[in-house]
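Peer 1: This is the structure alone, sequence omitted:
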């Protein structure tokens, strides 16, 4: 497959070159045939219709705050295929891909169905994406829209036949790989760590020198599982997508076929390091039943298959010390001369390219390479099926402007694992003075291949839903227009591993009025139902009010040469939800009858015992919904037919947070405490979006700039502290709480007997020179968790995005840039905080010693656990997470129109693209290194688009 991709890239490059040369020749022969491609402005006309999920409205008629984008406007020049990548940095008010104004993950609605997974889509399937931000815009979605809504509308067929193909292939390279110290350096530093703890050295100098010399890498191993021996420098990926559409006034169809191949970077087992393959099919048909009924059926099927080894080397490599043992033993190093027993062991052992599997009896459960080579394989399968049916009723025969709609949907998700798990032998060698193996001991299992493929279900989910909609539109004279929508919605999601299904239902009413297309009023509301609450407390009415005034409809502004459109808007409203309640039936008391027992009777004689019943949770049938109160003020405008501006100032108050509050009850009431509505948070900020489009001769420029500022504050908190500074009220909801680091303890901070000098507060346990020193915030002479304060913020206050598109003749250059400011993060895990016998990464080179006391960047090493240094969150481990990124760039070439038409095509373009190309940040090395199951990647690709 690798060779195929290389040949394919070479072929595409050759085609690109020949077509480009031919196009230049064509231009020189007859310049009259050179035609620019249709130039799609990024500015959407203000009278364009926007799909809001349950209904569509003209942009100028929408009162609530929203942003929308149509992939057809940019996908040719920005060939990103995954929705989250496309959203990041492109829409005003959106943080990353699904966080609206910092409130949390938004509700995803796909073709009117709330709760579907956005990751199942590719951009070629999508017609429009709309972000609904304030409560007035989201009111019809009820409690599920507590954090905002992202509406995704997929493509449908039209009256004309279309056939489109998009194919791309490329490579992905790790942004950064983990860097651990080699065996000799690790042994040196581990001896130093033991010395710091008053223990003798574990490794002799002679042994360390043998490991450093590398004369026998099997007896003195220096294992680096992140080296090129186990990972390729890059892996390939391929995306192919084709769609077909067409029809007539009576029947229309759309079909989308997709294939994605993403190969594994791991390079150990050719048979099992396959990577991921995905196939998807989406189809829909719209048809007329009679003069007043139309219907549609949508079907989606996705199969995702990932074959891999049982052990992920990228994850396992961080826990395998470089000197632990050699995972492979060469047959050439085994001396069987005169040793028939050893010869028999070698003959019986599984052999792999001239090696047998090495190991150690002390670490027989840490055999990642053996598990990959001999352990078997696993195939993770995902199967997704989705079916929708819509029926539209034109009820104008009853009264003009009346219509209805019913929608039924069914989703099926199944994730399962197929695996073969072999047993295998691993051998610990005995070496002689001539560096030959003279004995082998099996320290694991006997070789035995699994004959049955095991099946494990990881996820089995069924979701079904329904909504019915009644809509009425009425024009009263020339000046008054009325639009009303009544909606009933119900959704149920069953997951095999959970006893309680997730249920959502509500009714909603939207009332819209406009006067002379100037004054707009939106009274949208819902009545939500929360099954997590007790009967009698489940229903809640959630009203909203929005008003807008289109100033550009005023005659004085209509005559302006520079104001094309200007709309002021304001909204307020409330919503209620049970999404934040952490479980079902939490309003009821819970008792435990397995809570032990108690004894009674005469202690000098026989005694008796009875089982006890203990309360775990108190009862509160008055437990209610969490509440969001929203205020929004903004405007949108188009100036000089070139500059689109949208901006909003907003505030959201989240109150009645559900917690087990402690402060309303006495201390002895602990286990009786019920869940109650208590905490309250405030979110506020502003957003600005600018889109500028201009053309000078054959040069076209599109520029989009977006900025979002958010701030949060905890305004009511369940807390009682001894010191005033400990109170969290007034702090951000995303505050990082920790200790203030004052650097390292020095030699001068200690008395001759090792005790701390007078006046220096005690820390966590015994400390030594080189340990971290923390501030004693309350000056009580003891540093403990009571001294933790706000030290930073997890999420950025500022988020920026900018897309730039420059088109000159047949070439288009696109770039997407993002930036985040005002966020911090905490270094964690054994890579950054090694202790005990953990591996040492490159960060340990900056450890404190008396010689490096003035330049040290890391605490002294310790062979024992060290809570003071590594077990506490503090400013020492905190880093600035601000960044500026070049997310994507693409150069697109449109083939000349005459050449395309000769091939019976409508449009052909070639492109080269890159993603996650560059980052500029203070802590780039930290941000680019991803630990866990795999690295972050940079992507480079080339491909073509064809429209028939």
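Peer 2: Sure, I can see it. For clarity, every value in this text was computed on a predicted model and none was experimentally measured.

Peer 1: count of neighbours near residue 628?
Peer 2: Neighbour count for residue 628, taken as other Cβ atoms under 10 Å: 24. Backbone N, C-alpha and C define where each C-beta goes, glycine included.

Peer 1: again, but for residue 558
Peer 2: 11.

Peer 1: Give me the phi and psi angles of residue 868.
Peer 2: Torsion angles at residue 868 (phi, psi; degrees, to the nearest 10) stand at phi -60, psi -40.

Peer 1: Now do the contacts for it.
Peer 2: By Cβ atoms under 8 Å, 6 or more residues apart in numbering, residue 868 lies in contact with 763-765, 767, 771-772.

Peer 1: can I assume residue 94 is in contact with residue 132?
Peer 2: No - contact criterion Cβ atoms under 8 Å: residue 94 and residue 132 do not qualify, at 11.1 Å.

Peer 1: Compare those two (neighbour count), which wins?
Peer 2: residue 132 (30 against 26).

Peer 1: bridging residues for the more buried one?
Peer 2: Beta bridges link residue 132 to residue 66, residue 149, judged by DSSP bridges.

Peer 1: Is it in contact with residue 66, as I believe?
Peer 2: Yes - using Cβ under 8 Å, residue 132 makes contact with residue 66 at a distance of 5.2 Å.

Peer 1: and stretch 670-677, how far from the chain's centre?
Peer 2: 34 Å (Cα atoms, centre = their mean, to the nearest Å).

Peer 1: got the end-to-end distance for it?
Peer 2: Stretch 670-677 has an end-to-end distance of 17 Å (Cα to Cα, to the nearest Å).

Peer 1: Other residues contacting that stretch?
Peer 2: With Cβ under 8 Å, 6+ apart, stretch 670-677 has contacts from 581, 586-587, 589, 614-620, 623-626, 655-662, 664-665.

Peer 1: hmm, try it at 10 Å
Peer 2: Identification of contacts with stretch 670-677 by Cβ atoms under 10 Å, 6 or more residues apart in numbering yields 581-583, 586-590, 592, 595, 614-627, 655-662, 664-666, 718.

Peer 1: What's the mean pLDDT across stretch 135-143?
Peer 2: The average pLDDT within stretch 135-143 is 95.

Peer 1: shared neighbours, residue 132 and residue 66?
Peer 2: Listed as contacting both residue 132 and residue 66 by Cβ under 10 Å, 6+ apart are 50, 52, 93, 138, 148-149, 151.

Peer 1: picking up where we left off before, from the contacts of stretch 670-677, which land in strands?
Peer 2: 590, 592, 614-617, 626-627, 655-659 (DSSP state E).

Peer 1: Now the buried members of these.
Peer 2: Among these, those that count as buried by neighbour count (16 or more other Cβ atoms under 10 Å) are 617, 626-627, 655-658.

Peer 1: now, which of those residues sits nearest residue 542?
Peer 2: Comparing these against residue 542 with Cβ to Cβ places residue 627 closest, at 8.9 Å.

Peer 1: what's the spacing between the closest one and residue 426?
Peer 2: Distance, residue 627 to residue 426, by Cβ to Cβ, to the nearest Å: 60 Å.

Peer 1: With residue 295 instead?
Peer 2: 63 Å.

Peer 1: right, and residue 460 touches residue 496 too?
Peer 2: Yes - between residue 460 and residue 496 there is a contact under Cβ atoms under 10 Å: 3.9 Å.

Peer 1: the more surrounded of residue 295 and residue 426?
Peer 2: residue 426 (27 against 15).

Peer 1: what's the closest residue to the more buried one other than its chain neighbours in contact with, if anything?
Peer 2: Nearest residue to residue 426, sequence neighbours excluded (Cβ to Cβ, 6 or more residues apart in numbering): residue 359, at 3.4 Å. Residues near residue 359 by Cβ under 10 Å, 6+ apart: 324-327, 329, 365-367, 369-370, 424-429, 441-444.

Peer 1: 7 Å instead?
Peer 2: Taking Cβ atoms under 7 Å, 6 or more residues apart in numbering, we find residue 359 in contact with 325, 367, 370, 426-428, 443-444.

Peer 1: same check, this time on residue 697
Peer 2: By Cβ under 7 Å, 6+ apart, residue 697 lies in contact with nothing.

Peer 1: Same check on residue 514?
Peer 2: Taking Cβ under 7 Å, 6+ apart, one finds 61, 481, 520 in contact with residue 514.

Peer 1: What distance do you get for it to residue 63?
Peer 2: Distance, residue 514 to residue 63, using Cβ to Cβ: 9 Å.

Peer 1: what is in contact with these two at once?
Peer 2: residue 520.

Peer 1: ok, residue 180 to residue 317 distance?
Peer 2: Applying Cβ to Cβ, the value for residue 180 to residue 317 is 8 Å.

Peer 1: same thing with residue 139?
Peer 2: For residue 139 relative to residue 317 (Cβ to Cβ), the value is 51 Å.

Peer 1: all helices of the protein, in order?
Peer 2: Assigned by DSSP state H, the chain shows helices spanning 2-29, 83-87, 135-138, 183-196, 205-213, 313-316, 340-348, 368-374, 555-558, 867-870, 897-902, 924-928.

Peer 1: With distance to residue 247 added, can I get these in TSV?
Peer 2: Shown next, in TSV, are the helices of the chain (distance: least, Cβ to Cβ, whole Å):
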stretch	distance to residue 247
helix 2-29	33
helix 83-87	26
helix 135-138	32
helix 183-196	68
helix 205-213	72
helix 313-316	48
helix 340-348	68
helix 368-374	52
helix 555-558	40
helix 867-870	65
helix 897-902	25
helix 924-928	48
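
Peer 1: Good, we can wrap up now.
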